[in-house]
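Asks: Fold the following, please.
(one chain, ligands or ions: 1)
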Amino acid sequence: MSDTAEKLPKVKIFATGGTIAGASKSNTDNLHYQAGSIGIQGLLDAVPEIHRIAEVSGEQFLNVGSHEIRSQDLLKLSKLIQEQLDEGLAEGIVVTHGTDTLEETAFFLDLTVKTDKPIVIVGAMRPATAISADGPLNLLQATALAANLQARSRGAMVLLNDRIQSAYYTTKTHANALDTFRASEQGSLGFFQNATPHFYYSAANPTGKPQFNCSKISELPIVDVVYSHQDAGADLLQASVDRGAKGVVIAASGNGWASPALELAALKLTKTGFPVVFSTRTGNGFAIKPIEQGIGSGLINAQKARIVLMLALASNYNSEQISQCFNPA
Ligand code: SIN
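Replies: Alright, predicted model coming up:
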């Protein structure tokens, strides 16, 4: 490249597997395929145009279905990304990921990587071998987003199906459709036309988003999610405590009500200082709880509340600090 040639921004891509890297025996079979089959080089080779947008480097972090990803992996990934950004090795980060637990990884990175540079988590709903696979365009757009100066200071973002979503709010809403990631109350941050992002609003972060410093965390505690229903007993909550959980999230009904047996067991635990967070299984809205009965998760869904609680416990927060992570003043 000559001195006068325009320098492309550096984007680092961490590949973790998922359907975006999935391969099927038939190009018409989008159901029976192996997630995490194709390596990072194969993903890049499918989108040669990516090299016109950014100076891309790839790293195979994992190659698995996202249901196999563990919290220790998230901790390691967050630290690797922080290192890349702190050392000025990248202007933006892309993480390719299975869509099933994508929102958990995206949320974790949003809460733990301290940066104004874009971190974009991208997946696909159709395997790479499918007719009309969605992965290549999603990857191209994710890279364009990570390289874009206007994408800064917006927190981590999720990119699929032309839509730019806040990692804090978005969730997987459909098991099969391409248009699965949504934040039905908060909406999208923007959208793509070809490889150009358009934002609806200027840069902002979600109100009250807590930030955690992973540099001193070497391990995350066990935090389980217990699903409430009309007949829910206390057994599963007790089983979590017995297996060493340091906190539990209840996916409760309505705005934070669990079955009588679960409520009673949760109350007993709360009185001992064991944190029990009540979220709502409805998918939207604000979960509340009087502080003496537990902690309401506010707008955070159960799988994300689990991440907040793990990080807060690993940071040695007291119960008031934990509560503030969900219900900022
Ligand atoms: C996965 O989450 O690894 C499989 C499903 C997908 O990526 O859509």
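Asks: what's the pLDDT at residue 295?
Replies: At residue 295 the predicted local confidence, pLDDT, stands at 97.
Asks: need the residues of this protein near the ligand, please.
Replies: Counting by CB under 6 Å from any ligand atom, the residues of the chain lying close to the ligand are 18, 19, 35, 65, 66, 98, 99, 100, 123, 125. Backbone N, C-alpha and C define where each C-beta goes, glycine included.
Asks: between those, which is nearest the ligand?
Replies: Checking these against the ligand with CB to the nearest ligand atom, the nearest one is residue 98 at 2.0 Å.
Asks: can I assume that closest one is in contact with residue 33?
Replies: No: Residue 98 is beyond contact range of residue 33, at 11.7 Å (criterion: CB atoms under 8 Å).
Asks: Comparing these two, which residue is more hemmed in?
Replies: For residue 98 versus residue 33, the count of surrounding residues by other CB atoms under 10 Å is larger for residue 98: 25 against 18.
Asks: domain parsing for the chain?
Replies: Segmentation of the chain into domains, based on automatic domain parsing, reads 3-199, 223-326.
Asks: just for the stretch 151-300 of the chain, where's the confidence low?
Replies: Across the stretch 151-300 of the chain, no stretch falls below the confidence threshold (pLDDT under 70).
Asks: Which residue ranges of the stretch 51-200 of the chain form helices?
Replies: In chain order, the stretch 51-200 of the chain shows helices spanning 71-86, 102-112, 135-146, with DSSP state H, counting those that start in this stretch as the criterion.
Asks: who's in contact with the second one?
Replies: Contact with helix 102-112 is made by 16, 18, 66, 69, 71, 74, 77-78, 81-82, 95, 97, 119, 121, 123, 155-158, 167-168, 170-172, 181, 209-214, 303-304, 307-308, 311, as judged by CB atoms under 8 Å, 6 or more residues apart in numbering.
Asks: Restrict the residues you listed to the buried ones and give me that as a PyMOL selection.
Replies: With 16 or more other CB atoms under 10 Å as the burial test, the buried ones among the contacts of helix 102-112 are selected in PyMOL as follows:
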select buried, resi 16+18+66+69+71+74+77+78+81+82+95+97+119+121+123+155+156+157+158+167+168+170+171+172+181+210+212+214+303+304+307+308+311
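Asks: Quick check: neighbours of the lengthiest strand in the chain in the sheet, parallel or antiparallel?
Replies: Longest strand in the chain, counting residues (DSSP state E): strand 55-64. Applying DSSP bridges to the sheet, strand 55-64 is found paired with strand 10-17 (parallel).
Asks: what's the burial count for residue 45?
Replies: Burial of residue 45, expressed as a neighbour count using other CB under 10 Å, amounts to 12.
Asks: Distance of it relative to residue 56?
Replies: For residue 45, the distance to residue 56 equals 12 Å [CB to CB, to the nearest Å].
Asks: okay, which residue is most central for the protein?
Replies: Central residue of the chain (CA atoms, centre = their mean): residue 106, 2.3 Å from the mean position.
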